[in-house]
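Undergrad: For reference, the sequence and a predicted model appear below.
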Amino acid sequence: MRIALAGAGAFGEKHLDGLKNIVGVTVTSLVGRRLDATQAIADKYGIDHATTELADTLARDDVDAVIL
């Protein structure tokens, strides 16, 4: 399953820590308030797409579900 996560703060990182342990789950997009901070978290977790716009993530064809 290809997951997007909206929220790149402390609780977002907790979600990412858990998601990386689930076989078959890939986080494909990360949404946050500030692009620089969101991109840093995306880089840390190997997420290819980072944005500040949820609409950008929802328009992607590699997102099966979103965690808000």
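TA: Cool, got the structure.
Undergrad: By mean pLDDT, which helix or strand of this structure comes out lowest?
TA: Every helix and strand of the chain was ranked by mean pLDDT, DSSP states H and E. The lowest is helix 10-19, at a mean of 94.
Undergrad: Going C-terminal from it, what's the next secondary structure element?
TA: Sequence-wise, the next helix or strand downstream of helix 10-19 (DSSP states H and E) is strand 26-31.
Undergrad: quick one, what contacts D56?
TA: Counting by CB atoms under 8 Å, 6 or more residues apart in numbering, D56 touches 29, 31, 49. Yep, even glycine has a C-beta here, placed from its N, CA and C like the rest.
Undergrad: Now do the least confident helix or strand of the chain and strand 26-31, the angle between them.
TA: Counting by axes from the mean of the first three to the mean of the last three CA atoms, to 10 degrees, helix 10-19 lies at 170 degrees to strand 26-31.
Undergrad: Other residues contacting helix 10-19?
TA: With CB under 8 Å, 6+ apart, helix 10-19 has contacts from 3, 5, 7, 25, 27, 30, 32, 41, 45, 67.
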